[in-house]
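In: Generate coordinates for the sequence data below:
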Amino acid sequence: MYARIPYLTAALLALYTACAPVNVRWDYDPQADFTQYHTFNWLAADDRADRADQDWDHPFVDKRIEQALISALTSKGFEKTAAQPDLLVAYRFTVKQKTAVHVYDPPNPYWGPQPAQVQNLREGTLIIDLIDPTSRQLVWRGWGVGDAEVATRPDLSPEYLRRAVKEILKNYPPS
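Out: Purely as a prediction, here's the structure:
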């Protein structure tokens, strides 16, 4: 009986990860010709400096985001190349403290009015930028907002970030 506990725990964690929502949005340059983009590489580190969240330093999450981006873009038919890529990819992950207040209205008739519940959350925003290397102009941006706690947990983070990146890039190229 106790031998099943690790499997049950893993199943519950997978269910929790699958249910953690990511609110996704995107925008793009309608003048861009998205049919010309077939290869990608990272935006140079010195160009990414102004895009970085100075309060964020989590190399393991950064590595997981990069792996998720490579996986998602290659599944869309892109090839990663160092020599003259068609697109430059940049991302940033920011974390903000948020406070959520839950007020129950109408009050429960059996127990009377319920006090408001205050919950402190860490909200993470992952922004993915696709940049034309010739014009150095942003051609597509997608972003997702979700639970930073899940994104930074080593047991949940890889699958959560993989799903978040896939969901953000779902509408690339724009139709």
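In: okay, CA-based contacts and neighbour counts for the rest of this
Out: Will do.
In: which intervals of the chain have sub-threshold pLDDT?
Out: 1-20, 46-56, 105-109, 111-113 (pLDDT under 70).
In: where does the residue of the chain most remote from its centre land in three-state SS?
Out: Most distant from the centre of the chain: Tyr110, at 42.4 Å, with distances by C-alpha atoms, centre = their mean. Of the three states, Tyr110 takes coil under DSSP: H, G, I helix; E, B strand; the rest coil.
In: Please report how far it lies from Tyr28.
Out: Tyr110 is 52 Å from Tyr28, where distance means C-alpha to C-alpha, to the nearest Å.
In: for Lys96, same thing?
Out: In terms of C-alpha to C-alpha, Lys96 sits 25 Å off from Tyr28.
In: quick one: stretch 131-143 to chain centroid distance?
Out: 18 Å (C-alpha atoms, centre = their mean, to the nearest Å).
In: make that stretch 74-82, sorry
Out: 19 Å.
In: Where is the longest helix in the chain?
Out: Looking across the chain with DSSP state H, the single longest helix is helix 59-75.
In: buried stuff in it?
Out: In terms of neighbour count (16 or more other C-alpha atoms under 10 Å), helix 59-75 has its buried residues at Val61, Asp62, Arg64, Ile65, Glu66, Ala68, Leu69, Ile70, Ala72, Leu73.
In: Touching it from outside, list them.
Out: Helix 59-75 has contacts (C-alpha atoms under 8 Å, 6 or more residues apart in numbering) with Glu79, Lys80, Ala151, Thr152, Ser157, Pro158, Leu161, Arg162, Val165, Lys166, Leu169.
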